[in-house]
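Visitor: Just to be clear, the model below is a prediction. Sequence and coordinates:
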Amino acid sequence: MHPVLKSALEPLAEQISTLSLEEAQMPPMPGQGRWCAQQILEHLILTYKMTADSVNRQLKTGRVLKNKRGLREFLLRAQTIGLGYMPSGVPAMRSVRPTDYVPESGAETAVRFMQAAEEMDQQLVAARKKFGIQTVGEHPFFGVMRVDEWRRYHAVHAKHHLGQLKDAIRQARSSKKSG
């Protein structure tokens, strides 16, 4: 896996890998609609699959996507990919909300999380070989992106969720002690 992704994703896998099945499913703030530890990683897994699918479609067609980026996409990209900042409280798109998953321990989730990231990165490597520094795949908010931009986006996105994951784990462990 590319070092940009590896350095951003391994901390999440390490954090969740120590959780039991029960701890991985406990939401951080009951009744608040927040995600449990497994749901946070399920969300990221869904984004990796969406990226891999988008890049794979382009690999199959062999055509470079046209840059149809408007001002909104440009500003969002500058904020996220350029500055490395993702605002909190923005709801995830429906397609990457973790609604249907099989509950499992943190260790099992960590393995699937890293596998999904590796599979996505393999698609990015193939795209780099085929298209060079041209754009590959299209993000719903940022438009078409190059391989390096995809990796940077996923690294920033993972770091954005690291604090949320730590909160979910802290809450799960404190609830378990008091319960």
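Guide: Received, thanks.
Visitor: Heading C-terminal from the helix or strand bottoming out on mean pLDDT in the chain, find the next helix or strand.
Guide: Every helix and strand of the chain was ranked by mean pLDDT, DSSP states H and E. The lowest is helix 71-77, at a mean of 82. Downstream of helix 71-77, the first helix or strand assigned by DSSP states H and E is helix 106-131.
Visitor: helices and strands around that following helix, which ones?
Guide: Packing contacts for helix 106-131, counted by 3 or more Cβ pairs under 8 Å, 6 or more residues apart in numbering; DSSP states H and E, involve helix 3-16, helix 21-25, helix 37-61, helix 147-178. Just so you know, the C-beta spots here come from the backbone N, C-alpha and C atoms, and that holds for glycine as well.
Visitor: any idea how far the closest residue to Gly84 other than its chain neighbours lies from Thr80?
Guide: In space, and not counting its chain neighbours, Gly84 is closest to Val156: 5.0 Å by Cβ to Cβ, 6 or more residues apart in numbering. Plainly put, Val156 is 6 Å away from Thr80 if you go by Cβ to Cβ, to the nearest Å.
Visitor: Which of those two has more residues huddled nearby?
Guide: Applying other Cβ atoms under 10 Å to Val156 and Thr80 shows that Thr80 carries more neighbours, namely 21 against 18.
Visitor: what separates that one from Gln38, distance-wise?
Guide: From Thr80 across to Gln38, the span is 25 Å (Cβ to Cβ).
Visitor: nearest to Glu138, of the helices and strands packed on helix 106-131?
Guide: Taking Cβ to Cβ, helix 37-61 is the member of the helices and strands packed on helix 106-131 nearest to Glu138, at 5.7 Å.
Visitor: Can you point out the buried residues in the closest one?
Guide: Residues of helix 37-61 classed as buried: 37-48, 50-52, 54-56, 58-59 (neighbour count, 16 or more other Cβ atoms under 10 Å).
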